[in-house]
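A.B. asks: Test case, fold it:
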Amino acid sequence: MNKLFGSILFFAALSAGSASAAVTNYQGNFGTGNDVFTYNFTLTEDTLTTFETFGYAGGTLANGTSVADGGFDSTLTLFGPTTLFPVTSTTGDDVEDRESASSGFSWDDLITLTLAPGNYTIALTQFGNEWDNNTQSWTGSAPDTFIDSGLFQRTSSYALQVTLEPAPVPVPAAMWLFGSGLFGLLWSAKRKQII
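C.D. replies: Reported below is the predicted structural model:
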């Protein structure tokens, strides 16, 4: 009976899985409005990725670092082998739970995707300096004065948090069948003890 119960616990542990996320933070300042910050990374397995800026409205990073409100309106662009065109987050209000006290807007950016193995680059730019697929270059049309589209004065500071964690793996039907069989054995063993 104890062996059977141990087998069920082992099955449950296999089903749940337990992998931790790798979180990396980047902070700095742009020298000009058309600077580009890039981070290159390689994935060896399917990975749930989250890229989030904290410069515009501020906030607290995963490592406990506090980021001040007031940075520029950022744009994230993800380049990689599994994307026909770069993935861009420029819609604004991507992170609605953090609003800038000085402007009232939530213009930090967020991209969350499950990515296949390969080499990737995440790029952070000021809104206005967008990637042009036709010319394969940055447009370079962001203001050096760091004024956002709401005409609020901002600073040159940015904060980017990158989170990489193993993608959730669905438990195959055979594992569920195995678990159901173990449960049935446990139930019948308990029934025999009662009778």
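
A.B. asks: sec struct for the residue nearest the centre of the chain, please.
C.D. replies: The C-alpha lying nearest the average C-alpha coordinate of the chain belongs to residue 50 (CA atoms, centre = their mean; 0.5 Å). Each residue gets one of three states, and residue 50 gets strand by DSSP: H, G, I helix; E, B strand; the rest coil.

A.B. asks: For it, which non-adjacent residue is spatially closest?
C.D. replies: Excluding its sequence neighbours, the residue lying closest to residue 50 (CB to CB, 6 or more residues apart in numbering) is residue 163, at 4.2 Å. C-beta coordinates here come from the backbone N, C-alpha and C atoms, glycine included.

A.B. asks: what is the one you found paired to in the beta sheet?
C.D. replies: residue 23, residue 50 (DSSP bridges).

A.B. asks: now the residue nearest to the centre of the chain: how far from residue 161?
C.D. replies: Taking CB to CB, to the nearest Å as the measure, residue 50 and residue 161 are separated by 8 Å.

A.B. asks: Likewise for residue 129?
C.D. replies: When residue 129 is compared with residue 161 (using CB to CB), they lie 21 Å apart.

A.B. asks: quick one: the strands in this protein?
C.D. replies: 22-29, 36-43, 47-53, 59-60, 66-67, 74-79, 87-89, 110-115, 118-126, 131-132, 137-138, 157-166 (DSSP state E).
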